[in-house]
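In: Just a sequence and a predicted model for now, questions to come.
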Amino acid sequence: MNDIASRADLAVVVDSFYAKALQDELIGYLFEGLDLMNHLPVIHDFWENILWHTGAYRGGMMYKHLLLNARKPLKLEHFQRWLELFTQTIDEHYAGPNAQTMKQFAYSIANTMYSRISQQNAIPLGVQDSPPKPAG
């Protein structure tokens with residue numbers, strides 16, 4: 001089995017994942033209303049940037065998912081299922097260092113998103129993301 005080596009390979013993973021996720025009993029409804037044909041190239045850009053630092057993605061991924069959470073509350077089991085389907089999809093198509101890196105990043109992204117979405121914090125998001133001001 002070959003490793004992920006190109007944007008076309010990333011598209012195989014992402015597109016195959018969404019084909020499954022849309023039909024999934026637990027998370028499928030979260031994607032209702034998503035313009036997938038316009039969204040897929042953005043996700044391809046995201047993963048291309050993650051793996052090869054291309055600068056292709058400039059999209060505010062966290063903000064988009066916070067908006068989704070406001071409409072359709074995201075729970076731990078949603079993130080677990082997303083990660084399970086995503087890593088299974090990678091394993092079905094590819095093996096190697098890039099495939100492993102993609103799975104590690106998926107795990108990290110799912111953890112970070114869940115942590116951010118589930119926190120009960122009254123500090124506005126923009127304040128949380130601002131670098132600390134120098135003292136003095």
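Out: Thanks, I have it. Numbering: from 1, shown residues only.
In: for the protein, which helix is longest?
Out: If you go by DSSP state H, the chain has its longest helix at helix 97-118.
In: That helix: which residues count as buried?
Out: Neighbour-count burial for helix 97-118 flags 98-99, 102-103, 106, 109-110, 113-114, 117 (criterion: 16 or more other Cβ atoms under 10 Å). C-beta coordinates here come from the backbone N, C-alpha and C atoms, glycine included.
In: What residues of stretch 57-73 count as buried?
Out: The neighbour-count check on stretch 57-73 (16+ other Cβ under 10 Å) flags 57, 65, 68-69 as buried.
In: Would you report which members of those are assigned to helices?
Out: Reading helices off the buried residues of stretch 57-73 with DSSP H, I get 65, 68-69.
In: Quick check: of those, which lies closest to L22?
Out: Among these, L68 lies closest to L22 (Cβ to Cβ), at 14.8 Å.
In: check contacts around that closest one.
Out: Residues near L68 by Cβ atoms under 8 Å, 6 or more residues apart in numbering: 30, 74.
In: And it, how close does it get to G96?
Out: Distance check for L68 against G96: by Cβ to Cβ, to the nearest Å, it reads 32 Å.
In: still on that earlier bit, gap between the longest helix of the chain and the chain center?
Out: Put simply, helix 97-118 sits 7 Å off its chain's centre (Cα atoms, centre = their mean, to the nearest Å).
In: what's in contact with that helix?
Out: Helix 97-118 has contacts (Cβ under 8 Å, 6+ apart) with 3-5, 13, 47, 50-51, 61-62, 65-66, 69, 74, 76, 79-80, 82-83, 86-87, 90-91.
In: which stretches of the protein have low pLDDT?
Out: Residue ranges of the chain with pLDDT under 70: 120-136.
In: Helices of that one, start to end?
Out: Chain-ordered helices for the chain, with DSSP H as the definition, fall at 7-21, 36-52, 61-71, 76-93, 97-118, 125-129.
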